[in-house]
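# Structure here, sequence nowhere to be found:
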């Protein structure tokens with residue numbers, strides 16, 4: 001089987017929520033869509049027991065994560081960074097290394113697509129992870145920048161999908177307890 005063909009398996013995935021912060025999100029036109037889909041990914045991760053990492057960008061200046069995101073994070077403590085790419089930050093690299101050895105795929109949501117998301121995907125690929133980006137759970141201040149970021153993510157080897165594609169691939173089938181738990185949030 002080709003390395004490019006594989007199924008997303010929850011036990012091999014982690015979710016990384018990047019910089020969905022108060023001041024940053026005020027400048028994001030697609031704010032509502034990004035928050036809605038990031039929350040949906042977090043709910044699915046919690047139900048499927050997928051580990052979650054979260055970051056903030058210079059929290060003292062840009063502010064805390066949005067309350068909707070903090071609620072879904074439960075006990076996950078966001079790691080603050082000055083670097084744009086998460087894998088350029090030592091604490092985040094260490095947190096990723098502490099995840100189960102089975103984890104080979106990281107799903108990344110947040111902002112901004114052409115800066116922090118792109119650089120995080122590239123850094124994750126260089127660390128040996130498969131990197132997935134739900135296009136409807138990332139955004140930039142300018143739509144063209146978001147589209148350019150998604151194109152570049154694809155060019156470097158990241159997988160661009162959408163939130164429902166990822167969740168339904170994690171689920172694999174209907175009728176399971178996980179499917180029944182997630183379904184009310186997808187409807």
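It's in. Model, not experiment: these values are computed from the prediction.
# Can you give the distance from the longest helix seen in the chain to the centre of its chain?
Longest helix in the chain by number of residues (criterion: DSSP state H): helix 31-48. Computed by Cα atoms, centre = their mean, to the nearest Å, the separation of helix 31-48 from the middle of its chain amounts to 9 Å.
# how about the nearest residue to residue 153, chain neighbours excluded?
residue 121 (5.0 Å; Cβ to Cβ, 6 or more residues apart in numbering). Backbone N, C-alpha and C define where each C-beta goes, glycine included.
# Compute the number of surrounding residues for that neighbour.
32 (other Cβ atoms under 10 Å).
# Let me see the confidence value for the spatially most central residue of the chain.
For the chain, residue 108 is the residue whose C-alpha lies nearest the centre (Cα atoms, centre = their mean; 2.3 Å). Residue 108 is assigned a pLDDT of 98 by the prediction.
# Give the helix, strand or coil label for it.
strand (DSSP: H, G, I helix; E, B strand; the rest coil).
# my guess is it meets residue 123, correct?
No - taking contacts as Cβ atoms under 8 Å, residue 108 lies outside contact range of residue 123: 10.3 Å.
# That'll do, ta.
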